[in-house]
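Asker: This is the structure alone, sequence omitted:
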């Protein structure tokens, strides 16, 4: 039997390539032939998957989410770059807290994009999972030459809270090379920028934000949207019109509740050339109002919005795009059985995650799928196309699965070989 291994990372323990390396020996020892392709969904681990697929490793020293220096890895193949936000601005680089939730920024992600442009890349795949920040991508855009200024003409502080100080937005300094580049926003989430399903409400608590701080960050993102709308010459955005004036205080965020879909008005008009909407820096970019409502605009604390509205990015489901890059369809065509998996197999897996996309594609072509995972919240009957599930926690204590995962994954391969013989 020819078996295709198409596993995502086991978060915090093994990369997709390491999972495949542990599964392969027991399956080949049982007489099967094995091929593997790395899987990722646009979150952390995307660069590792690209490297396993043959991309070249590149590194750059960039600004971390709280201003510290970070050595970040990105991947290059010809003129295509895979830039992973988590490498430069990821939540793993901070301790979730109130200060981090309000102050973490994405400046380093913009520096990675600049490094890719310096290397001659004309296609930038921006993988935006695992963010520490809720700054709407303002830090990323600042690193690429944009300016977000307060009433005195000074740059606003980094992070989501600093967005409330924006009086003027100037995008004329954006790196002109962006105009000649294709920017692909690879994401596994479909959240809009604002509201109860937006960047702040859904992901802010994971970053250390309280309920009041979530509302504050949502207001800040709405303010960013409106200032960029002025810079684009869009006029007022859709909604009920939330009045505000400069930096809001934590006790004064009741004006519109968590949705905050309206326009936040401040003095001064954002400066962007003649604000006619025809400036070349806006070529291919969505209007601020439309970008904020786009599925995926809320990815990575609103970085999706910043990429859509200022970089002219095109949204792609991260799992689908990575599967194209690694040649999954060609590998599937010769497979008799597929093995996929990740650390936790649950309902979220089936909605945009890499293994879920693998299961869908294999099911469409009639190829059976086995899942190897750390823990499963689903049974095979719950997941159409899945023949069986092997959990690491059924083979070893949880501590061993976390501290010495590779031998346990090998045991899972041995168990699968036994089941296939039966």
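Answerer: Great, that's in hand. In this text the structure is predicted, and so the values were computed from the model without any measurement.
Asker: I'd assumed residue 104 was in contact with residue 161.
Answerer: No - with contact defined as C-beta atoms under 8 Å, residue 161 does not count as touching residue 104 (10.0 Å). Every residue, glycine included, has its C-beta placed from N, CA and C.
Asker: When these two are compared, which one has more neighbours?
Answerer: More neighbours surround residue 104 than the other of residue 161 and residue 104, with 31 against 22 (other C-beta atoms under 10 Å).
Asker: gap between that one and residue 381?
Answerer: Distance of residue 104 to residue 381, computed by C-beta to C-beta, to the nearest Å: 41 Å.
Asker: mean confidence for the helix ranked longest in the chain?
Answerer: When the chain is scanned for its longest helix (criterion: DSSP state H), the result is helix 211-232. The pLDDT scores in helix 211-232 average 96.
Asker: residue contacts, residue 155?
Answerer: 142, 147-149 (C-beta atoms under 8 Å, 6 or more residues apart in numbering).
Asker: buried ones in the longest helix of the chain?
Answerer: Buried residues in helix 211-232, counted by 16 or more other C-beta atoms under 10 Å: 213-232.
Asker: which residues does residue 376 form a beta bridge with?
Answerer: residue 345 (DSSP bridges).
Asker: For it, list the residues it contacts.
Answerer: By C-beta under 8 Å, 6+ apart, the neighbours of residue 376 are 344-346, 389, 391.
Asker: if we go to 7 Å?
Answerer: 345, 389, 391 (C-beta atoms under 7 Å, 6 or more residues apart in numbering).
Asker: Test my guess that residue 383 contacts residue 350.
Answerer: Yes - with contacts counted by C-beta atoms under 7 Å, residue 383 reaches residue 350, the gap being 6.2 Å.
Asker: Neighbour count: these two, which is higher?
Answerer: Between residue 383 and residue 350, counted using other C-beta under 10 Å, the more crowded position is residue 383 (22 against 19).
Asker: Tell me the confidence at that one?
Answerer: On the pLDDT scale, residue 383 gets 93.
Asker: Next: residue 53.
Answerer: Confidence score, pLDDT, at residue 53: 84.
Asker: Could you pull up phi and psi at it?
Answerer: phi -90, psi 0 (degrees, to the nearest 10).
Asker: Tell me the spacing between the closest residue to it other than its chain neighbours and residue 153.
Answerer: Ranked by C-beta to C-beta, 6 or more residues apart in numbering and with sequence neighbours excluded, the top spatial neighbour of residue 53 is residue 326, at 4.2 Å. With distances taken as C-beta to C-beta, residue 326 is found 47 Å from residue 153.
Asker: got it, and residue 289?
Answerer: 26 Å.
Asker: circling back to that earlier point, packing partners of the longest helix of the chain?
Answerer: helix 98-103, strand 168-170, helix 199-203, strand 264-265, helix 288-293 (3 or more C-beta pairs under 7 Å, 6 or more residues apart in numbering; DSSP states H and E).
Asker: now for the first one, which elements pack on it?
Answerer: When you say that, I think you mean helix 98-103. Secondary elements touching helix 98-103 (3+ C-beta pairs under 7 Å, 6+ apart): helix 211-232.
Asker: thinking again about what came up before, buried among the contacts of residue 155? Need that as a selection in PyMOL.
Answerer: With 16+ other C-beta under 10 Å as the burial test, the buried ones among the contacts of residue 155 are selected in PyMOL as follows:
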select buried, resi 142+147+148+149
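Asker: follow-up on the earlier one: among the contacts of residue 376, who's most crowded?
Answerer: Neighbour max across those (other C-beta under 10 Å) = residue 345, 28 neighbours.
Asker: which phi and psi does the closest residue to residue 7 other than its chain neighbours have?
Answerer: What sits nearest to residue 7 in space, not counting adjacent residues and going by C-beta to C-beta, 6+ apart, is residue 19, at 4.4 Å. Main-chain dihedrals, residue 19, degrees, to the nearest 10: phi -60, psi -50.
Asker: which residues in the stretch 51-200 of the chain form helices?
Answerer: 85-89, 98-103, 107-118, 138-143, 199-203 (DSSP state H, counting those that start in this stretch).
Asker: Single out the most deeply packed of the ones you listed.
Answerer: Most buried of these by mean neighbour count (mean count of other C-beta atoms under 10 Å) is helix 85-89; its value is a mean of 31.
Asker: now for that one, which elements pack on it?
Answerer: Partner elements for helix 85-89 (3+ C-beta pairs under 7 Å, 6+ apart): strand 69-77, helix 107-118.
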